[in-house]
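# predicted model and sequence below, questions to follow.
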Amino acid sequence: MSVPENITLIVDGEENVVTTGTTGADLFGDRRDVVVVRVDGELKDLDQPIPAGAEVEPVTIASADGLNVLRHSAAHVMAQAVQQLRPDAKLGIGPYITDGFYFDFDVEEPFTPEDLKQLEKSMLKIVNSNQKFRRRAVSEDEARAEMAEEPYKLELIGLKGASDEAGEGADVEVGGAELTIYDNVDARSGDVVWKDLCRGPHLPNTKLISNAYALTRSAAAYWRGSEKNKQLQRIYGTAWPTKDDLKAYQERLAEAERRDHRKLGSELDLFSFPDELGSGLPVFHPKGGIIRKAMEDYSRQRHTEAGYEFVYTPHITKGHLYEVSGHLDWYRDGMFPPMHVDAELNEDGTVRKPGQDYYLKPMNCPMHTLIYRSRGRSYRELPLRLFEFGSVYRYEKSGVIHGLTRVRGMTQDDAHIYCTREQMKDELTGTLNFVLGLLKDYGLDDFYLELSTKDPEKFVGSDELWEEATRTLAEVAEASGLELVPDPGGAAFYGPKISVQAKDAIGRTWQMSTIQLDFNTPERFGIEFQAPDGTRQRPVMIHRALFGSVERFMAVLTEHYAGAFPAWLAPVQVVAIPVAETFNDYLFDVVDRLKAEGIRAEVDISSDRFPKKIRTASKDKVPFVLIAGGEDAEAGAVSFRFRDGSQDNGVPVDEAVRRIVEAVRSRAK
RNA sequence: GCCUCCUUAGCUCAGUCGGUAGAGCGUCUCACUCGUAAUGAGAAGGUCGCCGGUUCGAUUCCGGCAGGAGGCUCCA
């Protein structure tokens, strides 16, 4: 019988003397929002004794860590419900993720939407029964014995200590220093009703999950993330501290759905994907065409100003080019299969002339490099900046094609810069600034950078070259003052890259521009320039795309603006609506003046009633609605109605034209 | 590519327990001419994604293919 001794803890920065065995619950038991504690930086269950001298902080349910714990515990409750419904279900992993959680199961029959509804109900029963989560350290043998019926858990036990290899999410099960099992203990009987091999920590009890959770979808997922493995059935869910938080989250999803470019694209008549063309091959309708043309025209203007030269290359080429570039080695699966042409056979079927393979081009760089190589180059020409809206075709796997963001035929705003090694840093800096400035002009202005570095499994070129290039990119990125996130192993085989990640109007991030160094292509194509000292030297090559693909960028802008494009990009910039037919001619005069200034303006002379015309213009998200009735006509004025519903009435026509022209020319948002 | 689900009028969606279909919006016509998000009436529009099978008969059941959605894997 040991007598309790006093120990000292640092609680929330202040020293506290408590007895040994004091737990987080003892310290913070009166605060219902505290779900776990951070002990010397590590999250621990509330019922765990805290060692002497430790620094302890409370972690509330609404904090980032607290939300993760809540969601992880919700995943356990879901798994318990699943094993009630399907006793044969074998457990995979069940981690928290952004905004929610999932759990993988090996089951005979996939889950149906009805199953999800029923599971939500049984989860509520479990939540309300107020089970305790109880942590228990076990030896490996004990774990194997207890998890004998769970083959996937046994596999994870075998992988303990190598959780990096176990697959994403596996560290929540076996990532800790010791193996632990969490029992779910019934509040009344004290019986263990369910258990799972898990690192924890967990909520003290299920009650805290309340009714602020939802199961969102089911889908298949490969065990341990490899397509070589069996597919398990995954159920996704979300959980929040309060029902209001859950509703706010669901509203966020609804908002994203309203902005979906696929939906807006057909509502606003911008583009479509005719089945007749094949998956991932979009066509742009006149209204989408205007937006695209405005985007491209402005891009061309800026590239001209920044010293780029324009080139044009074909969409198809003999295969040899991609043998030289290495694309057929590295990316053959991602290319459309070749067309074999020009073969001639003898009557007996033997080959008289072997013919050739032609490929649709998946990248523009080899062709730009041929332009470089078309004649000898002098150092005086460098940096040589070749730009093209280059259409490329990639055989994306059918399951990954998605609207305009992942297609099989797209147009890159692609440039390749050839420069000396000494010019490389200035050129990269200039390019990054150019890219960021231009993105801002299109309305994106919240960025961070990602630095993708060498994949040790997949690269060409010397280590020294990679080191120099990576260091240069890092210096350039840091000089920009933007946040820089490392992406180890994310580089393409031929060189490291910086990518610009942009946040949109509702806080989602999109990978936009990339600036990439390439050591492979200059080498493979043997390109050179003559230096001041007369020697021949190899240039450095920089790939950069700003939109990435024009199609994808248009999708991002559509979602960013929710279809309400700034006036300079809007397909129709002005709709003039007469209060009655009598004023048609008056508005035609106004519209003619706008058209003379290059403004896309029209008069709504349909037989609809006035309010209906307002509604139509509003649904079309037209930036400026000009209205004229008797009062306006007499005053030589028009009335503005803006997209937010606000009005500015009785504006003199000269003034109105001036305002609209100014908004368009300045590319105002 | 893999898993689950889906495909009915231009769009959004009903419907047929196997007997070839219906609404709203949009379109067209006529009437109405109205001051800030839906005037009324009428009409047109579909071999129910495509191909095959079962059946007296298939939009409905079965199979294949194509396209789509959500995931997984992938994304130069």
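Good, I have the coordinates. Numbers count the residues shown, from 1 in each chain, chains lettered A, B, ... in the order given.
# count of residues packed around the residue lying closest to A:V351 once chain neighbours are set aside?
The shortest distance from A:V351 to any non-neighbouring residue, by C-beta to C-beta, 6 or more residues apart in numbering, is to A:L345 (6.1 Å). To be clear about C-beta, it is placed using only N, CA and C from the backbone, and glycine gets the same treatment. As a burial measure, A:L345 scores 11 neighbours (other C-beta atoms under 10 Å).
# is it correct that A:L345 is in contact with A:G355?
No: using C-beta atoms under 8 Å, A:L345 is not in contact with A:G355; the gap is 9.4 Å.
# pull the CA atoms of stretch A:152-162 into CSV?
The C-alpha trace of stretch A:152-162 is given here as CSV (Å, rounded to 0.1, in the frame of the first residue of the first chain):
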residue,chain,number,x,y,z
TYR,A,152,-6.1,-6.8,-40.9
LYS,A,153,-5.3,-5.8,-37.4
LEU,A,154,-2.9,-8.8,-37.1
GLU,A,155,-1.2,-7.6,-40.2
LEU,A,156,-0.8,-4.1,-38.6
ILE,A,157,0.6,-5.7,-35.5
GLY,A,158,3.2,-7.3,-37.7
LEU,A,159,4.1,-4.0,-39.2
LYS,A,160,4.3,-2.1,-35.9
GLY,A,161,7.3,0.1,-35.9
ALA,A,162,7.2,0.4,-39.6
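# and that stretch, what's buried?
For stretch A:152-162, a neighbour-count test (16 or more other C-beta atoms under 10 Å) marks A:152-153, A:155-157, A:159-160 as buried.
# for stretch A:629-644, same thing?
A:629, A:632-633, A:637-641.
# now do it, average pLDDT.
Summarised as a single mean, pLDDT over stretch A:629-644 is 95.
# who's in contact with the strand or helix carrying A:R659?
Using DSSP states H and E, A:R659 falls within helix A:653-665. Here helix A:653-665 makes contact (C-beta atoms under 8 Å, 6 or more residues apart in numbering) with A:567-568, A:573-574, A:590, A:593-594, A:597-599, A:623-624, A:626, A:636-638, A:640, A:651, A:668.
# which secondary element of chain A has the worst mean pLDDT?
When the helices and strands of chain A are compared on mean pLDDT, DSSP states H and E, helix A:163-166 comes out lowest with a mean of 50.
# that older thread, nearest to RNA strand B among the buried residues of stretch A:152-162?
Using C-beta to the nearest atom of the strand, A:Y152 is the member of the buried residues of stretch A:152-162 that sits closest to RNA strand B, with 14.6 Å.
# what's the spacing between that closest one and A:Y182?
16 Å (C-beta to C-beta, to the nearest Å).
# number of nearby residues for the residue in the stretch 1-150 of chain A that RNA strand B sits nearest to?
Closest to RNA strand B within the stretch 1-150 of chain A is A:P110: 3.9 Å, counting by C-beta to the nearest atom of the strand. Other residues near A:P110 come to 12 when the count uses other C-beta under 10 Å.
# where's A:K425, which helix or strand?
Counting by DSSP H and E, A:K425 is part of helix A:424-441.
# name the element A:A81 belongs to?
Short version, using DSSP H and E: A:A81 is in helix A:64-85.
# so which elements touch the helix or strand encompassing A:I498?
Assessed by DSSP H and E, A:I498 sits inside strand A:497-503. Packing partners of strand A:497-503 (3 or more C-beta pairs under 8 Å, 6 or more residues apart in numbering; DSSP states H and E): helix A:424-441, strand A:447-452, helix A:463-479, strand A:509-518.
# and the third one, average pLDDT?
Per-residue pLDDT values across helix A:463-479 average out to 91.
# repeat that for the last one.
Averaging pLDDT along strand A:509-518 gives 93.
# how about it: buried residues?
So, applying 16+ other C-beta under 10 Å, buried residues of strand A:509-518: A:510, A:512-518.
# neighbouring strands - and their directions - for it?
Using DSSP bridges, strand A:509-518 pairs in its sheet with strand A:497-503 (antiparallel), strand A:540-549 (antiparallel).
# taking their axis directions, it and helix A:424-441 sit at what angle?
160 degrees (axes from the mean of the first three to the mean of the last three C-alpha atoms, to 10 degrees).
# centre of the chain versus strand A:509-518, how much separation?
13 Å (C-alpha atoms, centre = their mean, to the nearest Å).
# helix or strand right after it?
helix A:520-525.
# now A:L27. Nearest residue, chain neighbours left out?
For A:L27, ignoring the flanking residues on the chain, the nearest one in space by C-beta to C-beta, 6+ apart is A:V11 at 6.0 Å.
# out of the strands paired with strand A:509-518, which is the most enclosed?
strand A:540-549 (a mean of 24; mean count of other C-beta atoms under 10 Å).
# contacting residues for the residue in the stretch 401-550 of chain A positioned nearest to RNA strand B?
Across the stretch 401-550 of chain A, the shortest distance to RNA strand B (C-beta to the nearest atom of the strand) belongs to A:A492, at 3.7 Å. By C-beta under 8 Å, 6+ apart, A:A492 lies in contact with A:452, A:516.
# try it again with 7 Å
A:Q516 (C-beta atoms under 7 Å, 6 or more residues apart in numbering).
# hey, what's it bridged with?
Beta-bridge pairing of A:A492 under DSSP bridges involves A:G495.
# just the pLDDT at it, thanks.
89.
# again, but for the one 5 residues further on
Turning to A:K497, the model gives it a pLDDT of 94.
# skipping adjacent residues, who's closest to it in space?
A:Q516 (3.8 Å).
# one step back: what angle separates the helix holding A:K425 from strand A:447-452?
Using the same axes, to 10 degrees: helix A:424-441 against strand A:447-452 is 140 degrees.
# and helix A:424-441, what's buried?
In helix A:424-441, counting by 16+ other C-beta under 10 Å, buried: A:424-425, A:427-432, A:434-436, A:438-439.
# low pLDDT regions in the stretch 51-200 of chain A?
A:160-177 (pLDDT under 70).
# the strands in it, which residues?
Secondary structure of the stretch 51-200 of chain A by DSSP state E, counting those that start in this stretch: the strands cover A:55-60, A:90-91, A:96-97, A:100-106, A:132-138, A:179-185, A:192-197.
# on that earlier part again, tell me the average confidence for the helix holding A:R659?
Averaged over helix A:653-665, pLDDT sits at 97.
# same check on stretch A:206-218?
On average, stretch A:206-218 scores 92.
# hmm, back to that, isn't the residue nearest to A:L27 up against A:P58?
No: contact criterion C-beta atoms under 7 Å: A:V11 and A:P58 do not qualify, at 8.5 Å.
# near RNA strand B, which residues of the stretch 451-600 of chain A?
Applying C-beta under 7 Å from any atom of the strand, we find that the stretch 451-600 of chain A lies next to RNA strand B at A:492, A:514, A:516, A:579-582.
# spit out the contact partners of the nearest residue to A:S391 once chain neighbours are set aside.
In space, and not counting its chain neighbours, A:S391 is closest to A:T411: 4.8 Å by C-beta to C-beta, 6+ apart. Residues in contact with A:T411 (C-beta under 7 Å, 6+ apart) are A:389-391, A:549-551.
# for the residue lying closest to A:K132 once chain neighbours are set aside, give the beta-bridge partners.
Excluding the flanking residues, the one nearest A:K132 by C-beta to C-beta, 6+ apart is A:V185, at 4.4 Å. With DSSP bridges applied, A:V185 shows beta-bridge pairing to A:K132, A:V192.
# what residues are up against A:V185?
Taking C-beta under 7 Å, 6+ apart, one finds A:131-132, A:134, A:192 in contact with A:V185.
# kindly report the same for A:G548.
Per C-beta under 7 Å, 6+ apart, neighbours of A:G548: A:412, A:512-514.
# go again using 8 Å as the cut-off
A:412-413, A:511-514.
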